[in-house]
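Peer 1: Next comes the sequence, and after it the predicted model I'd like to discuss.
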Amino acid sequence: MFDNISTKFSSIMKNLSGKGKITEKNIRDAVEDIKMSLLDADVNLRVVRKFINSTLEEALGEKVLLSVDPGQQFTKIVYDKMVALLGDESGQELKLKGKDTTSVILMMGLQGSGKTTTAHKLALKLTKEGRKVMLVAADLVRPAAITQLQVLGEKVGVRVFTIPGEKNPVKVATEAVKTARHELYDTVIIDTSGRMHLDDTLMKEIQDIAKAVNPDETLFVADAMTGQNAVTIAKEFEEKVGISGVILSKFDSDTRGGAALSLKSVVGKPIKFIGTGEKSEDLEAFHPDRIASRILGMGDVVSLVEKAQQAFDKDEAERLAKKMQKNTFDLQDYLDQLENMNKMGSVDKLIEMIPGAKGNISEEDINLKEVEVEKAIIKSMTKFERANYRIIGPSRRKRIAKGSGTSVADVNRLLKKFEKSKLMMKKLLGNKKLQASMLSKMGM
Ligand code: GDP
């Protein structure tokens, strides 16, 4: 998502930055380039016009032209406008009641938009936040929908409420909420029927369910891959049923990003979450400021640090830091670190978050194969070998290479690299000042 637009924006901003003085013409040219990039990204025409006019108006003010670093001032204006376009931080959170009562979330969207998948992702997310969640299969139109939700619910350990044989979705929804209240569930997520296209009968069905269960959140799932169409349909749902927020699914797809950039402005409702893959964990809160940074090629350091924090828990990080301090860091610790790297997710997603990395670092630059080889080698070692790498002589090396499907040269390379890093660590330990600064950077 946003690959093209982000590359273009980066180059527009690069052209202006560092210039001691910029002219009105420079700004007009840059704004024209921004306009073309937004149109190329399939952003709604009205939204583009509004964005361009307000950017131009502010950028042509004296504040930019006469400032010390006009390029930077200009970037700041574009960034602020972009954040405003994508939403505002206050509207992003789900508005649910406390855990002592039952909140209801109604999911809706076209068939294939990712509604059922998103419902179970949301169930997992809220469960992790300590809520007691019930999923409700009220999609009685698509034949396999109930089973699909049951399978997904089981995967994330969330109960799925169904009434076998029942044909009336309003009945299923109301019974579900009643049961949830009775059994002290604090959150009910209702999956409703999808539709191939806008259809009055099905729209009425959703209206009836909404009226019957009075949801706290009515979330519309929009498929990012359908571009402007997602915006049109969201608008229709907002007018007919009323929505409180949007979840943009398939954000990981190779789409141009126009939907994400137009939805808030056209529909007037915030994007609350984005679906970033097919797995149960692939649902992220939508942060307008972070996405704006990504689009402008400024990276998204906050998300990167959060991902790292999720992958490396604090106790683990402290344990490793202590080991490094005492220089008792062994091959098992090294393997743990390699495994943690995997937990952070796919490399291309991570690259997008590193400032300035876009277009400069590619996935190939990060040698994933080597990581896999190293992991296989360490896994073929005994516990004792992992803790005492010096005892690994020629015959052990041969055995390890064979066991891991690698070569003795691979094993040699890993051990040499490990030895070198141990030596470096020893040197570092001799330098107290450097050590203190590194530890403070690691948040310790
Ligand atoms: P529904 O008809 O709206 O309930 O749609 P489904 O939940 O069955 O999803 C349709 C397809 O989209 C499935 O193959 C999902 O795995 C896929 N899907 C849903 N959300 C995402 C996402 O965020 N990223 C990707 N890559 N695929 C998704």
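Peer 2: Cool, the structure landed.

Peer 1: Every contact and neighbour count from this point should use C-alpha atoms.
Peer 2: Noted.

Peer 1: Using the record's domain definitions, break the chain down for me.
Peer 2: Residue ranges for each domain of the chain read 3-86, 91-286, 304-441, as given by automatic domain parsing.

Peer 1: Indicate which one of the ones you listed is closest to the ligand.
Peer 2: Among the domains of the chain, domain 91-286 comes nearest to the ligand, with 3.3 Å by CA to the nearest ligand atom.

Peer 1: Which helix or which strand is home to Lys272?
Peer 2: strand 271-275 (DSSP states H and E).

Peer 1: now what about that strand, what contacts it?
Peer 2: Under the criterion CA atoms under 8 Å, 6 or more residues apart in numbering, residues 86-87, 91-94, 118, 245-252, 260, 263-264, 282-286 lie in contact with strand 271-275.

Peer 1: That strand and the ligand, are they touching?
Peer 2: Yes: interface with the ligand: strand 271-275 contributes Gly275 (CA under 6 Å from any ligand atom).

Peer 1: and the next element down the chain from that strand?
Peer 2: strand 283-285.

Peer 1: Okay, now the sheet partners of that next one, with direction.
Peer 2: strand 271-275 (antiparallel) (DSSP bridges).

Peer 1: can you pull the buried residues of the partner strand?
Peer 2: Applying a neighbour-count criterion of 16 or more other CA atoms under 10 Å, one finds 271-275 buried in strand 271-275.

Peer 1: and that strand, how far out from the chain's middle?
Peer 2: 9 Å (CA atoms, centre = their mean, to the nearest Å).

Peer 1: repeat for stretch 144-160
Peer 2: 23 Å.

Peer 1: I would like the residues contacting it, please.
Peer 2: With CA under 8 Å, 6+ apart, stretch 144-160 has contacts from 116-117, 120, 123-124, 133-140, 162, 280.

Peer 1: in the stretch 101-250 of the chain, which spans are helices?
Peer 2: Taking DSSP state H, counting those that start in this stretch, the helices of the stretch 101-250 of the chain run over residues 115-128, 145-155, 169-182, 200-213, 228-240.

Peer 1: Next: the stretch 301-444 of the chain.
Peer 2: Under DSSP H, counting those that start in this stretch, the stretch 301-444 of the chain gives helices at 301-311, 314-325, 331-343, 347-353, 368-379, 383-387, 394-404, 408-430, 432-441.

Peer 1: ok, of these, where does mean pLDDT dip lowest?
Peer 2: Lowest mean pLDDT within those: helix 432-441, at a mean of 55.

Peer 1: Any chance of the helices of the stretch 101-250 of the chain in a markdown table with mean neighbour count and mean pLDDT as columns?
Peer 2: Formatted as a markdown table, the helices of the stretch 101-250 of the chain follow (neighbours: other CA atoms under 10 Å; pLDDT from 0 to 100):
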| stretch | mean neighbour count | mean pLDDT |
| --- | --- | --- |
| helix 115-128 | 22 | 95 |
| helix 145-155 | 18 | 93 |
| helix 169-182 | 19 | 94 |
| helix 200-213 | 16 | 90 |
| helix 228-240 | 18 | 88 |
